[in-house]
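Asks: Sequence first, predicted coordinates after that:
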Amino acid sequence: QVQLIESGGGLVQAGGSLRLSCAASGRGFSSYAMGWFRQAPGKDREFVASIMWSGLSISYLDSVKGRFTISRDNAKNTVYLQMNSLKPEDTAVYYCAADGRLDVLRRGGGHYWGQGTQVTVSS
């Protein structure tokens, strides 16, 4: 059993930066693929970024490439999402997810999910 708790969300002006953290408790964190998803009001949840347990096989949503960076620290059981050059269209609730299979995670089928953290980007 893994529990995920996100933090780091908030209100920021366009062009600003935020760093989201997802702290995991329970066993097996270092063996899971981890990902970030987001859901804006009135829209479906969408994949943002993922990273394998090894720190390799990193993938991003096209619209965040070059602006967002996903990373993980297995010693701290934490995955991060550094978000730079934020845009109003990045406004959403951001969720952290974990799954033993990267392909399942990327399709939105993560076995474990956090409660989400709100990110609001003002223009």
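Replies: Received, thanks. Please read all numbers here as calculations on a predicted model, not as lab measurements. Numbers count the residues shown, from 1 in each chain.
Asks: on contacts alone, who are the packing partners of the helix or strand of the chain with the lowest mean pLDDT?
Replies: With mean pLDDT, DSSP states H and E as the measure, the helix or strand of the chain carrying the lowest mean pLDDT is helix 102-106 (a mean of 90). Taking 3 or more C-beta pairs under 8 Å, 6 or more residues apart in numbering; DSSP states H and E as the contact definition, the neighbouring helices and strands of helix 102-106 are strand 33-39, strand 46-51, strand 92-99. C-beta coordinates here come from the backbone N, C-alpha and C atoms, glycine included.
Asks: What is the helix or strand just after that helix packed up against?
Replies: Beyond helix 102-106 in the direction of the C-terminus, DSSP states H and E gives the next helix or strand as strand 112-113. Other elements packing on strand 112-113 under the criterion 3+ C-beta pairs under 8 Å, 6+ apart are strand 2-7, strand 92-99.
Asks: rerun that using 10 Å as the cut-off
Replies: Judged by 3 or more C-beta pairs under 10 Å, 6 or more residues apart in numbering; DSSP states H and E, strand 112-113 is in contact with strand 2-7, strand 33-39, strand 92-99.
Asks: Walk me through which strands that strand pairs with, and which way each runs.
Replies: Paired with strand 112-113 in the same sheet, following DSSP bridges, are strand 92-99 (antiparallel).
Asks: can you put the helices and strands packed on helix 102-106 in JSON lines and add mean pLDDT?
Replies: Formatted as JSON lines, the entries for the helices and strands packed on helix 102-106 read as follows, by pLDDT from 0 to 100:
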{"stretch": "strand 33-39", "mean pLDDT": "97"}
{"stretch": "strand 46-51", "mean pLDDT": "97"}
{"stretch": "strand 92-99", "mean pLDDT": "97"}
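Asks: Export only the CA atoms of stretch 73-81, formatted as CSV.
Replies: Presented in CSV, the C-alpha positions along stretch 73-81 are these (Å, rounded to 0.1, in the frame of the first residue of the first chain):
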residue,chain,number,x,y,z
ASP,A,73,14.5,11.1,-5.1
ASN,A,74,14.0,7.4,-4.1
ALA,A,75,15.9,8.0,-0.8
LYS,A,76,13.3,10.5,0.2
ASN,A,77,10.3,8.7,-1.4
THR,A,78,9.5,11.9,-3.2
VAL,A,79,8.8,12.9,-6.8
TYR,A,80,8.9,16.5,-8.0
LEU,A,81,7.5,18.6,-10.8
